[in-house]
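Chemist: Turn this into a model:
(2 chains, ligands or ions: 2)
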Amino acid sequence: MTAIDFSHRAVEMSGITKKFGDFVANENINLTVHRGEVHALLGENGAGKTTLMNILYGLLKPSSGNIKINGKTLTISDPNIAIRNGIGMVHQHFMLVEPFSVTENIILGNESTRGFGILDAGKGEKEVKRISEQYGLTVDPKALIQDLSVGSQQRVEILKTLYRGAQILILDEPTAVLTPQEIKELVAIITNLTEAGKSIIIITHKLNEIKQMADFCTIIRRGRHIDTVDVSEVTEEDLAAKMVGREVSFRVAKEKRNPGEKILDIKELCVEDSRGIMVVNGLNLQLRKGEILGIAGIDGNGQTQLIETLTGLRKAKSGRIEVLGKDITNLPPGKIINNHKVGHIPEDRQKRGLVFEFNIAENLILETYFKPAFSEGFSLLHKNIYKNADTLIEKFDIRPRDATLQAKSLSGGNQQKMIIAREVSNEPELLIAAQPTRGLDVGAIEYVHQALVAQRNEGKGVLLVSFELDEIMNVSDRIAVIFEGKIVGILDADDADEKKIGLLMAGGTAKE
Amino acid sequence: MTGTKLKELFLKGPFGLTLISILLGFLVGAIVLLIAGFNPAEAYWAILRGIFAKPKYVSYVIIYSTPLIITGLSVAFALRTGLFNIGAEGQFIVGAMAAAIAGYFIQLPMLLHVPLCLFLAMSAGAVWGGLAGHIKARFGVHEVISTIMLNWIALYLSNWSLTLQSFGKQGTGKSHMIQETARIDLFGQWKITEAGIEFIRSHKVLGDILKSPVNLGIIFALLFAFLMWYILNKTTLGYELRAVGFNPDAAEYGGINVKKSIITSMSIAGSLAGAAGALQVMGVGHKIAKLAIMEGYGFDGIAVALIGNNTGPGSVFAGFLFGGLKYGGAKIQDAVGAPTEVINIVVGTIILFVAMPKLIQMLLKFRKG
Ligand SMILES: Nc1ncnc2c1ncn2[C@@H]1O[C@H](COP(=O)(O)OP(=O)(O)OP(=O)(O)O)[C@@H](O)[C@H]1O
Ligand SMILES: [Mg+2]
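Modeler: Ligands and ions are numbered 1, 2, ... in the order given. Have a look, this model is predicted:
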């Protein structure tokens, strides 16, 4: 927070308006970012943050408005122009080529050649190494993208922008996919970057991160510029209220409940990952009706594979899974969803949760399209399908209110709301929620948490897997800690604290 | 407002892209003609005349287009489920063979014989396509590889069938003609009667049309196009297949049986290509002949599907375009002396421009899984 050069306006966007058809995604927005400044963009899901940044990066054309970069007015009609003017962007969804190496990905489209078009990989590699050391962006230049963790992939994306000479970096929800440890590393990287005179625009829904990293914060609500504040002068509550337009409660209200019969019983479960390593290794866990059981743990301790096995997407090596006393081990997903009433909010909504090219209405029936409500014989009942969509869009506040929009044109948070609407409306007995609030704004998080608690209050079982310790502690009735594929401790939420859980997550024992 | 919407549809939608590609195709063709020393305007005029100058020509274009439309539908259908059916060629061959066999050996009244031949041919095509789907679902072998192999097996199977004493007409490399009851020609019999000949002589338009082998094939093609549109957009099956095509991971998550969908989709695609083969036998050739190489109906279907943006109506449009260029284009040789190959360049260029963005997308998809 020291390096800001107020005499140098790196970015000056003024009066930016963007319309999609009749829908106004950005309306007369102003944004100024100085050299060496970290500027946060805050706003609800669908407020228009990504749209604004896509305009700055040349991916979208504004309907009206003016952009100055380093004091010079520019028409940024495509990303190449943005890149040439020192703007780099790391998207909400990465755009890396999986089977290629880190270096190859970074120099893609910007290859240094030894003449005759022969790729000079050595030179690229050296340069990549130099940049990564300068800013503390540690990655192995030779590693293949597909073998990297999400956090490392993100560092590759950042490296790529720096390699192309970025002075202004746009990071769209970089922390949504990161573990707490990775977030710490990112904060350090951002500090290094600003000290080198770079400007950062960061989008995040996590208010504590804004407090921690940003100098200024611009708040957008429904496409409109609400305020730009000096972060040191406001509290998290102030920010939340400005963003949603009302007070937001960070704690979930829930009264005590007595859990009922056993709904999920996992016995000695063993599961291999795709490389054949036993990542779930003799796991035992029980969940009762009317209970939210949170699974805390550091990413990569078998959570993903556990959930995939519970939902039929991956085969168990050994062990047994029972739902309401019935064996569901290795049943196909359709059976588990329909016969055993298991709902699933998947961890990776891009990959699993949505068919991007389907519209909202079609996505909302992904598990129920064949049911009498939506089909008759072979035919789909389009009228019912769209009526269902309109109801859920209203009830779950999916924006914009248009069932015919393709899922890919929705903002990240609204995509998530759509999945939650689908899963909850399917009335599952057991709801498995993996990272259900990833990428959601505080208002929406409040909403999701309330939805989970409502499930519990109706006597349903909820299994919550999250890397966010706050979320786990806030929502769960009991907390199970997973470490190296086993449950290493179960705590009552009432007498759990960060320290105890943290210790278990790191492989320590519950007794201090 | 509506003006800009219309503009966007034309400029950005698949429709606009296709139209621009078609124009570019003709432009490149014109340049080639110029370089070769011919007058492009004259050549294109010759093509247009070759298509529209006589009712007979139009009729021929329709006949030429029919199998292309249907193999186009076959490829398009599979592509909508994310599968690349290079095997339409082989499915076409087994369909033609099945229709020729059933049409020759079985004796039935027409109302039963025609549907039976078509049914058997579609079943043969479905088996051929379904086999590739099965191999993919079971063993993970990519359908491009298995269908190419199945194409050759179909070709040799068909040639071998002609060596059978009872089926092949010995020494001719051709099969016996199918029964009259298995044909879908319009007025085929009547045309060669006295009255028929008299009619053709005295009626200018209708008579001229009847000089071509008019048949019911196009009706079936349009019916199939409608069915494809209906299945994909209005049925639960279509929903499943499209979900698998767009995102197999999400489909699996939603409880859709992805492997079954792959087999189903390839079977339906195969049955369509099989029908194309059958209709060609039943409406035009009335027999099958020994194949030295692939005839290319299935491969042309790939082009038709790509130009038609993988939809039913699109394939009909692209099939006619392709059929027209094929038939009309053959005439520039006589008219202006330009080589017919120019037409292949035009078609090739159109496909290149239409397919380029899609092909790149597809290749990226294949590389991922
Ligand atoms: N191509 C498009 N066509 C139509 N509407 C769009 C398009 N892109 C975005 N929108 C709409 O514009 C609005 C703003 O979207 P945007 O992605 O900018 O939101 P966001 O603030 O980044 O939200 P989130 O926090 O959920 O990522 C949304 O309502 C979205 O549905
Ligand atoms: Mg966004």
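
Chemist: quick one: the helices in the stretch 151-300 of chain B?
Modeler: Counting by DSSP state H, counting those that start in this stretch, the stretch 151-300 of chain B has these helices, from start to end: B:194-202, B:204-210, B:217-234, B:236-246, B:248-253, B:258-280, B:297-307.

Chemist: what does the shortest one contact?
Modeler: Taking contacts as C-beta atoms under 8 Å, 6 or more residues apart in numbering or on different chains, the residues outside helix B:248-253 that touch it are A:311, A:313, A:333, A:344, A:346, A:351-355, A:366, B:82, B:240, B:243-244, B:258, B:261, B:369. (Each C-beta comes from the backbone N, C-alpha and C, glycine too.)

Chemist: just to revisit the earlier point, okay, the helices of the stretch 151-300 of chain B, which one's buried deepest?
Modeler: Highest mean neighbour count of the helices of the stretch 151-300 of chain B: helix B:258-280, a mean of 28 (counted as mean count of other C-beta atoms under 10 Å in any protein chain shown).

Chemist: Serialize the helices of the stretch 151-300 of chain B to a markdown table and add fields for distance to ligand 1 and mean pLDDT.
Modeler: A markdown table is the format used below for the helices of the stretch 151-300 of chain B (distance: least, C-beta to the nearest ligand atom, whole Å; pLDDT from 0 to 100):
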| stretch | distance to ligand 1 | mean pLDDT |
| --- | --- | --- |
| helix B:194-202 | 58 | 81 |
| helix B:204-210 | 49 | 81 |
| helix B:217-234 | 22 | 96 |
| helix B:236-246 | 17 | 96 |
| helix B:248-253 | 19 | 96 |
| helix B:258-280 | 29 | 97 |
| helix B:297-307 | 25 | 90 |
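
Chemist: can you list these in TSV and add distance to B:S146?
Modeler: TSV is the format used below for the helices of the stretch 151-300 of chain B (distance: least, C-beta to C-beta, whole Å):
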stretch	distance to B:S146
helix B:194-202	47
helix B:204-210	42
helix B:217-234	23
helix B:236-246	18
helix B:248-253	18
helix B:258-280	9
helix B:297-307	14
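
Chemist: Can you pull the residues of chain A lying near chain B?
Modeler: With C-beta under 8 Å from any C-beta of the partner chain as the criterion, chain A comes near chain B at residues A:21, A:98-99, A:311, A:313, A:332-338, A:344, A:346, A:351-358, A:362, A:365-367, A:369-370, A:375, A:378-380, A:382.

Chemist: remind me, longest helix of chain B?
Modeler: helix B:110-139 (DSSP state H).

Chemist: Show the pLDDT at residue 120.
Modeler: Because you didn't say which chain, this covers chain A. Per-residue confidence (pLDDT) for A:D120: 58.

Chemist: actually it's chain B I care about, not the one you picked
Modeler: Per-residue confidence at B:L120 stands at 98 (pLDDT).

Chemist: Same question for A:I501.
Modeler: For A:I501, the model assigns a pLDDT of 88.

Chemist: Could you do the one 4 residues further on as well?
Modeler: Each residue has a pLDDT score; the one for A:M505 is 86.

Chemist: ok, now how distant is it from ligand 1?
Modeler: For A:M505, the distance to ligand 1 equals 28 Å [C-beta to the nearest ligand atom, to the nearest Å].

Chemist: Could you do A:R352 as well?
Modeler: For A:R352, the distance to ligand 1 - C-beta to the nearest ligand atom - is 18 Å.

Chemist: With A:E127 instead?
Modeler: A:E127 sits 32 Å away from ligand 1, taking C-beta to the nearest ligand atom as the criterion.

Chemist: Leaving out chain neighbours, which residue sits closest to that residue?
Modeler: Taking C-beta to C-beta, 6 or more residues apart in numbering or on different chains as the measure, A:E127 lies nearest to A:Y163, with 6.6 Å between them; neighbours along the chain are not counted.

Chemist: Work out for me the element whichever residue of the stretch 51-200 of chain A sits closest to ligand 1 sits within.
Modeler: Nearest residue of the stretch 51-200 of chain A to ligand 1, counting by C-beta to the nearest ligand atom: A:T51, 3.3 Å away. Counting by DSSP states H and E, the secondary-structure element that holds A:T51 is helix A:49-56.

Chemist: Mind checking what secondary structure the nearest residue to A:S152 once chain neighbours are set aside has?
Modeler: For A:S152, ignoring the flanking residues on the chain, the nearest one in space by C-beta to C-beta, 6+ apart is A:V139 at 5.3 Å. Secondary structure of A:V139, reduced to three states by DSSP: H, G, I helix; E, B strand; the rest coil: coil.

Chemist: residues in contact with A:V139?
Modeler: Listed by C-beta under 8 Å, 6+ apart, the contact set of A:V139 reads A:102, A:132, A:148, A:152, A:155-156, A:159.

Chemist: can you check A:N457 too?
Modeler: Contact analysis of A:N457 by C-beta under 8 Å, 6+ apart lists A:254, A:257, A:290.

Chemist: For the first one, give me the pLDDT.
Modeler: Read that as A:K254. According to the prediction, A:K254 has pLDDT 79.
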